[in-house]
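[1] dropping the sequence and predicted coords here.
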Number of protein chains: 2
Amino acid sequence: MVKMDPKLRIDALKEQSVASNIEFFLITDIKNVYYFTGFLDISDATICLIIPSGATPLLLTYPLSYELALEKAGGCTVKSVESGKISEQIINKAVSLNVKKAYFDKLDFPTYLKLRDKGIDVNQDGDMIWKLRRIKDADEIELMRKAAKLADIGMQAGLEAVKVGVFEYEIAAEVEYAMRKGGSEGTAFETVVASGPRSAFPHGLCSDRRIQGGDFVTLDLGAVHKGYRSDITRTTIAGKASKRKKELFNLVLKAQEEAFHHIRPGIVGKEVDNVARKIIDDGGYGKMFVHGLGHGVGLDIHEPPRLSPRSNDVLEAGNMVTDEPGVYIKGFGGVRIEDLIHVLADGGERLTKTPRGLEV
Amino acid sequence: MVKMDPKLRIDALKEQSVASNIEFFLITDIKNVYYFTGFLDISDATICLIIPSGATPLLLTYPLSYELALEKAGGCTVKSVESGKISEQIINKAVSLNVKKAYFDKLDFPTYLKLRDKGIDVNQDGDMIWKLRRIKDADEIELMRKAAKLADIGMQAGLEAVKVGVFEYEIAAEVEYAMRKGGSEGTAFETVVASGPRSAFPHGLCSDRRIQGGDFVTLDLGAVHKGYRSDITRTTIAGKASKRKKELFNLVLKAQEEAFHHIRPGIVGKEVDNVARKIIDDGGYGKMFVHGLGHGVGLDIHEPPRLSPRSNDVLEAGNMVTDEPGVYIKGFGGVRIEDLIHVLADGGERLTKTPRGLEV
């Protein structure tokens, strides 16, 4: 389905962990399993991928997902396991390979304790996989470009649906329908259509509030293409904007633009955040910018690297991050403008392309 | 939003755990937080709900979700926390209350280890909350009835869209649009439209395969109403069914009907499963019924109680379970028929009502 080569990714994982003497990777996060095999299981029926340092990877699934895993999963052996025998299978495998040091991404306590009881040094280190996943390869960039295009299609449909008298959730319906018809696998996250005073809630979802004239309407949405996600936010007005609303909008837009122009390899997450935050602070709304400037996007909607006041993440070419400053005024409304940015060798590239104007 | 009374639910939690001397509940699962406060946060910005045995519950959020939490969360104090200071806040609270024994639903390892280092006996016991959540109260039943109705609306739209030449994902688009327009908060899980040989994958999602004449088409979908989910599957035929397909369909239908008539308080999960499994086994397809008969549904799409060959879960009035036998024949296709069942004092009630015929 995806062109990615599981073997290359597994080799990269092994290579970067050679120094830590890890003999046994236990991958239970379903997105990580997809990353290393090409098989994405939404059924809660894929148990784990075991990657021994010197043997073929082994994918354990429940019978429910066995046939699909056989068809989709590359670079590994697939085995169907009866429920209730899972820890046993994992532990037997580790013991039979005489493993001394194991790594896992996420693990339930009982299995953790059993592995430890077998004298295995068990380590959790999510970062090891994120070091790979945060840098998108050519295949992933292509998939995310498509996901971003689908988000633009959704945004276009959503903006067209913003009219006085319409329910927020009806706008979400148009967004999601357009993305699905375009080929999106559902939504990257629960669509936000927050209007009027509700636009002051950064993640206000949808309600059965009707759009009123002069309302800020914030649409925050994303599509999914072969598991890869996109993320875009636009704030618009139903009808005419007041002077204060225009000023607020332009301030946030300026912060978003300036931050965008600072995105490049080598810059630190908090430095990019600070570019936008300073502009909003100077405009008098610093305390109402209640979240970080952005986050990484990929198979998950929130990934490393982070762009926030405390983030020491250093941007690298191949990162995908959002640039999304916002100002939220209780009772009055809020503005957020967000694009998905691909970090290139010499700057940023907006993957989401919907115009950023206030009035549609 | 939901009429539920957080205080009653928290009292029930404390009451059932009196014997275990727990002084401090640490609730991090966002669905559990919703269950006990009425505030559902999809932003990854609610950190945890702390329920001390003798003090007011405390909800910790990042600034992003603070205002929304203040508006929505009942029965607790809401506090906004800077990222990077979370473990500290939790540990200080526990230490200040002189807690000896704490319980958590899910916890990251670092916080777990820090609490243990403070001499606190830290226990994980998801079952304690599931004992409450698996029995739906009157408010929840009403919400799930609505979610089931929205799923019927989606199924109706999906069945109408099944036509030779249509892409699977176009059918999903119609399903999801109809549910959203009806007021659903997105989908309960990723919609499945699996046609022809793909119907042999129990969770085959959607592809860009076009429906062909005589194909089995399996639609598995669900809606969401105020966080509560529904789940329904129908298998239909594009055009005319062959004799073998009709027989297979009728076998699965018989298994589903018989299992339904056995659903009542007191019966054990594996007993209900066995009713359906025996029928399919007698029909010669036992090995191709590769999953359990059903699962609980609520705020999560897969919850206790389970109906499966190994499940010792005993059904109780107020449970919501699926009844979904299936047969999957590689290369040929598959049939699954599923309803969402409310366990009443004297039997089962189908909440999903779409007719179960093969030909639309």
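    Looks like it came in fine.
[2] which other helices and strands contact the worst-scoring helix or strand of chain A on mean pLDDT?
    Every helix and strand in chain A was compared by mean pLDDT, DSSP states H and E; the lowest is helix A:109-117, with a mean of 79. Helices and strands touching helix A:109-117, by 3 or more C-beta pairs under 8 Å, 6 or more residues apart in numbering or on different chains; DSSP states H and E, are helix A:86-96, strand A:121-124. For glycine as for every other residue, the C-beta is placed from the backbone atoms N, C-alpha and C.
[3] check for me that residue A:141 belongs to a strand.
    No - membership of residue A:141 in a strand is not supported by DSSP: H, G, I helix; E, B strand; the rest coil, which gives helix.
[4] rewinding a little: now the helices and strands packed on helix A:109-117 as a markdown table including mean neighbour count, mean pLDDT and distance to residue B:42?
    Output for the helices and strands packed on helix A:109-117, formatted as a markdown table (neighbours: other C-beta atoms under 10 Å in any protein chain shown; pLDDT from 0 to 100; distance: least, C-beta to C-beta, whole Å):
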| stretch | mean neighbour count | mean pLDDT | distance to residue B:42 |
| --- | --- | --- | --- |
| helix A:86-96 | 16 | 83 | 30 |
| strand A:121-124 | 16 | 82 | 25 |
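[5] distance to residue B:327 added to those, as TSV?
    Below are the helices and strands packed on helix A:109-117 laid out as TSV (distance: least, C-beta to C-beta, whole Å):
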stretch	distance to residue B:327
helix A:86-96	25
strand A:121-124	40
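[6] with respect to residue B:117, which of the ones you listed lies nearest?
    strand A:121-124 (16.9 Å; C-beta to C-beta).
[7] residue contacts, residue A:64?
    Counting by C-beta atoms under 8 Å, 6 or more residues apart in numbering or on different chains, residue A:64 touches A:43, A:45, B:202-203, B:290-291.
[8] considering these, which possesses the most neighbours?
    Ranked by the number of neighbours (other C-beta atoms under 10 Å in any protein chain shown), the contacts of residue A:64 place residue B:202 first, at 27 neighbours.
[9] hmm, back to that, need the contact partners of the least confident helix or strand of chain A.
    Here helix A:109-117 makes contact (C-beta under 8 Å, 6+ apart) with A:86-87, A:90-91, A:94, A:102, A:104, A:122, B:124.
[10] rerun at 7 Å
    Residues outside helix A:109-117 that contact it (C-beta atoms under 7 Å, 6 or more residues apart in numbering or on different chains): A:87, A:90-91, A:94, A:102, A:122, B:124.
[11] farthest pair in the residues you listed?
    Of all the pairs that those form, the one spanning the most space (C-beta to C-beta) is A:94 and B:124, at 22.2 Å.
[12] ok, and the closest non-adjacent residue to residue A:77?
    Among residues not flanking residue A:77 along the chain, residue A:58 sits closest, at 5.1 Å (C-beta to C-beta, 6 or more residues apart in numbering or on different chains).
[13] look up how far residue A:80 lies from that neighbour.
    Going from residue A:58 to residue A:80 by C-beta to C-beta, to the nearest Å gives 12 Å.
[14] quick one: mean pLDDT for stretch A:166-185?
    Average pLDDT, stretch A:166-185: 97.
[15] in CSV, list the contacts of residue A:64 along with distance to residue A:247, secondary structure and pLDDT.
    What follows is the contacts of residue A:64, written out as CSV (distance: C-beta to C-beta, whole Å; DSSP: H, G, I helix; E, B strand; the rest coil; pLDDT from 0 to 100):
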residue, distance to residue A:247, secondary structure, pLDDT
A:43, 50, coil, 76
A:45, 53, coil, 81
B:202, 55, coil, 88
B:203, 50, coil, 82
B:290, 61, coil, 94
B:291, 57, coil, 94
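[16] what score does the residue nearest to residue A:77 have for pLDDT?
    pLDDT for residue A:58: 94.
[17] for residue A:253, grab the count of nearby residues.
    Residue A:253 has 18 neighbours, counted by other C-beta under 10 Å.
[18] buried ones in whichever helix or strand it is part of?
    Per DSSP states H and E, residue A:253 falls inside helix A:243-262. Buried residues in helix A:243-262, defined by neighbour count with 16 or more other C-beta atoms under 10 Å in any protein chain shown: A:245, A:248-249, A:251-260, A:262.
[19] which among the residues you listed gets closest to residue B:316?
    Distances from residue B:316 to these, taken by C-beta to C-beta, are shortest for residue A:252, at 51.7 Å.
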